[in-house]
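Enquirer: Here you go, sequence then predicted model.
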Amino acid sequence: MSLSSREMLARLVAFPSVSTVSNLDIIHFSRDWLKSHGIESHLVHSPEGDKANLYATIGPRVEGGVVLSGHTDVVPVEGQAWTSDPWTLTERGGRLYGRGTTDMKGFDALALALVPEMVQAGLKRPIHIALSYDEELACRGAPSMVRAMAETIPTPAAVVVGEPTRHAVVTGHKASVQLRTHVKGYAVHSSRIDKGVSAVMNAARLVVWLEDAMEKNRRAADLNNPFEPPYTTLHCGMMEGGNAANIVASSAWFYTDVRAIPTESPMDYLEQYKAYIAEVIEPRMKAVLPETGIVVELVSDVPGLRPEEDGSAERLMRRLTGDNGTHVVAYGTEAGLFQKNGWSTVVCGPGDIAQAHQPDEYIEVSEFEAGERLLRRLIADLAA
């Protein structure tokens, strides 16, 4: 059985593998495709069993290979104005439209479609394909996959996370944590707010603290820092609380993400945030009613990618792409998880991140074809 890269992309796009549902259909398809070419896959299931990561090795089981890493999940299409079916690959004007074409089934399709060429190439060092679940949900799937790979595959020389960079070799991105803050207040009629504790108003004070901390970072930013923006950001993206306009709110919650530049740690901001809660906000609340308080939950912790000194992944991809620029990105990827395991890692893949998560998401045909040529150069390199 053979599929061209474009045919493979059409197959992958047709799986509506939104992060909120199971990805087992696309994982089982990938497993069966690899099996049809004599390649054994290993699945690492989610705790609930409804999702799975997949990894497989093509070539000899020796050290010095290359991991090609991609995620199988995509973001939803609801509420977006698509001009074609998001689950059907459609070509218009030199572009291939469909959910995930850029982020990041384009890279996944190239890696899978070229498996027959990898098998036939007589690789002297292996290619490891790694496909994860729930990258779009704070990289929930990849940690278990990386742990399993570390226990079972020979140490690779390089990991290439194929997020869309237009084949720029990205060597750094911010670390991030996501927090859920729950404020427990005390409800009374709003005419006697002096007897109550407003969860909403105290939550608002916390959100202002976050914004003030970010503004302090903005004013002190090093303009030579290559990140955009060149400072650590603190952002509240979701918030809810209260039951009625004339009732002091008994409950409120909100989500925060902290995205830290490599010289800082998001966990340090978490500790400062907790200290402000414990020293300034909670004492006022508990003075009215001791049962009130604030709980901060760490939802996710995604490590950043740090530039490596003479990193083998960077050397390899610069040689194969010809890119000698310095590139970092503000968004997060699974790259930091591989690097934290001690494996040299870069982010480099086809497409433009500006198209990710957008209605009428597309990858340019020229970018897709450039990605195919790049992987063929990698195959030749590992067979030499």
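Expert: Noted; the coordinates are in hand. Numbering: from 1, shown residues only.
Enquirer: Relative to Leu131, how far out is the residue nearest to Leu24 when sequence neighbours are not counted?
Expert: In this structure, Leu24 finds its nearest non-sequential neighbour in Ala52, 6.1 Å apart by CB to CB, 6 or more residues apart in numbering. From N, CA and C alone the C-beta is placed, and that goes for glycine too. Here Ala52 is placed at a distance of 9 Å from Leu131 (CB to CB, to the nearest Å).
Enquirer: Compare neighbour counts for those two and give me the winner.
Expert: A direct count of neighbours by other CB atoms under 10 Å for Ala52 and Leu131 places Leu131 higher, at 29 against 26.
Enquirer: Would you map the strands across the stretch 1-150 of the chain?
Expert: Under the criterion DSSP state E, counting those that start in this stretch, strands of the stretch 1-150 of the chain are mapped to 41-45, 52-58, 66-71, 90-92, 95-97, 127-132.
Enquirer: buried ones in the first one?
Expert: When you say that, I think you mean strand 41-45. 41-44 (16 or more other CB atoms under 10 Å).
Enquirer: next one: the fourth one
Expert: Within strand 90-92, the residues scored as buried using 16+ other CB under 10 Å are Thr90.
Enquirer: ok, so of the buried residues of strand 41-45, who is nearest Cys236?
Expert: Comparing these against Cys236 with CB to CB places Val44 closest, at 33.1 Å.
Enquirer: circling back to that earlier point, any idea which of the buried residues of strand 41-45 is the one closest to Glu91?
Expert: Ser41 (30.2 Å).
Enquirer: The closest one and Gln120: what is the separation?
Expert: Going from Ser41 to Gln120 by CB to CB gives 19 Å.
Enquirer: Which pLDDT value goes with the residue nearest to the spatial centre of the chain?
Expert: The centroid of the chain falls nearest to Thr333 when counting by CA atoms, centre = their mean (3.8 Å). pLDDT, Thr333: 96.
Enquirer: surely it meets Pro164?
Expert: No - contact criterion CB atoms under 8 Å: Thr333 and Pro164 do not qualify, at 10.4 Å.
Enquirer: thinking again about what came up before, if I look at Ala52 and Leu131, which residues touch both of them?
Expert: Shared contacts of Ala52 and Leu131 (CB atoms under 8 Å, 6 or more residues apart in numbering): Ile27.
Enquirer: ok, Ile27 to Ser41 distance?
Expert: Remark: distance between Ile27 and Ser41 (CB to CB) = 9 Å.
Enquirer: and stretch 346-355, how far apart are its ends?
Expert: End-to-end distance of stretch 346-355 (CA to CA, to the nearest Å): 21 Å.
Enquirer: Report the buried residues of that stretch.
Expert: Neighbour counts over stretch 346-355 (16+ other CB under 10 Å) mark 346-351, 353, 355 as buried.
Enquirer: any chance of these in a markdown table, with distance to Val200 too?
Expert: Shown next, in a markdown table, are these (distance: CB to CB, whole Å):
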| residue | distance to Val200 |
| --- | --- |
| Val346 | 44 |
| Val347 | 40 |
| Cys348 | 45 |
| Gly349 | 43 |
| Pro350 | 46 |
| Gly351 | 42 |
| Ile353 | 36 |
| Gln355 | 38 |
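Enquirer: Using the three-state scheme, assign Glu282.
Expert: Using DSSP: H, G, I helix; E, B strand; the rest coil, the structure places Glu282 in helix.
Enquirer: That one: what's it in contact with?
Expert: Contact analysis of Glu282 by CB under 8 Å, 6+ apart lists 292-294.
Enquirer: ok, so of those, who is nearest Thr90?
Expert: Using CB to CB, those come closest to Thr90 at Ile294, 48.7 Å.
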